[in-house]
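S.K.: With the input below, show me the fold.
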Amino acid sequence: MTPGTLFLVAVLGLMALVLVYLYRVLEGPTVFDRILGLSGFGTKTTIVLLLAGAMYERLDMFVDLALAYALLSFVGSLAAARYFERGGQHR
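M.R.: Next up, the predicted model:
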């Protein structure tokens, strides 16, 4: 199995996991389940970005993109959790 094929299989497997998190974001019974799904979605997307960088042999550029995406995902999840914890409106 070539390294390109191995990376492609890994990315497709992670994208399948991203779909599971996307289902959790859309159908979560509570807001906190949706926030957890969003956090997992961000983590898996960061890993997919890093694998794509390794596959295209441009890891230096993709590491910057992955770090920025991970930071934004973390801050967004944290802000949403704090908002709803303090009594924001939710279902």
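
S.K.: residues near residue 66, how many?
M.R.: The tally of other residues near residue 66 (other Cβ atoms under 10 Å) stands at 20. Just so you know, the C-beta spots here come from the backbone N, C-alpha and C atoms, and that holds for glycine as well.

S.K.: From residue 31, how far off is it?
M.R.: Per Cβ to Cβ, to the nearest Å, residue 66 is found 27 Å from residue 31.

S.K.: do the same with residue 72
M.R.: 20 Å.

S.K.: of these two, who's got more company?
M.R.: residue 31 (17 against 11).

S.K.: Just to check, that one is in contact with residue 84?
M.R.: Yes: under the contact definition of Cβ atoms under 8 Å, residue 31 touches residue 84, with a separation of 5.2 Å.

S.K.: so where's the protein uncertain?
M.R.: 88-91 (pLDDT under 70).

S.K.: outside of stretch 5-21, which residues touch it?
M.R.: Stretch 5-21 has contacts (Cβ atoms under 8 Å, 6 or more residues apart in numbering) with 37, 38, 40, 41, 44, 45, 47, 48, 51, 52, 54, 55.

S.K.: Give me the buried positions along it.
M.R.: Using 16 or more other Cβ atoms under 10 Å as the test for burial, stretch 5-21 gives 11, 18, 21.

S.K.: try stretch 78-85
M.R.: 80, 81, 84.
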